[in-house]
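Novice: Curious how this folds, go ahead:
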Amino acid sequence: MTYFKAVIDDTHHITKPIDKLIYTILYAGISNDTNSLSPSVSEIAMKARCSERTVRRALRTLQTLNLIDIKPRFDDYGQSTNLYTLLPIPTHFINGVTNGNEDSKEDVA
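Specialist: Modelled structure (predicted):
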């Protein structure tokens, strides 16, 4: 089972379709070498056809679920885009455990 399929098929942890859409947009743009990408929030919002605030909420949800890591990036003018890395799906996510106490991650590719 791939990361993508595990997230899309989930019915316990991700309750909003926009969260799955944002994950799909990130998944579609990742670099195979690093499993990461750095689009702007406005770029993601444009692709998802939603507001930047909605994107930020979805990104926060995905980060809380340990599906993505978000690292701010800076240039000479301050913060630029974030670096988003897709993480291995947490075991409790795959096994349907909802208590969130198990935080180990397994590669399910």
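Novice: and Cys50, backbone torsions?
Specialist: phi -140, psi 180 (degrees, to the nearest 10).
Novice: ditto for Asn82
Specialist: phi -90, psi 160.
Novice: residue contacts, the closest residue in space to it that isn't next to it in sequence?
Specialist: Distances taken as C-beta to C-beta, 6 or more residues apart in numbering place Ile70 nearest to Asn82, at 5.1 Å, with adjacent residues excluded. Placement of C-beta: from N, CA and C, glycine included. Counting by C-beta atoms under 8 Å, 6 or more residues apart in numbering, Ile70 touches Leu59, Gln63, Asn82, Leu83, Tyr84.
Novice: so how many other residues sit close to the third one?
Specialist: Around Asn82 there are 19 other residues, counting by other C-beta atoms under 10 Å.
Novice: Check it and give its pLDDT.
Specialist: We note a pLDDT of 95 for Asn82 in this prediction.
Novice: before we move on, the earlier item: convert the helix or strand hosting the residue nearest to Asn82 to CSV, retaining C-alpha atoms only.
Specialist: According to DSSP states H and E, Ile70 maps onto strand 68-75. Extracted C-alpha coordinates of strand 68-75, given in CSV (Å, rounded to 0.1, in the frame of the first residue of the first chain):
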residue,chain,number,x,y,z
ILE,A,68,3.8,16.1,6.6
ASP,A,69,6.6,18.1,8.1
ILE,A,70,6.7,21.9,7.6
LYS,A,71,10.0,23.8,7.8
PRO,A,72,10.0,27.6,7.2
ARG,A,73,12.5,28.9,4.7
PHE,A,74,14.1,32.3,4.7
ASP,A,75,15.8,34.5,2.3
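Novice: Lovely, talk soon.
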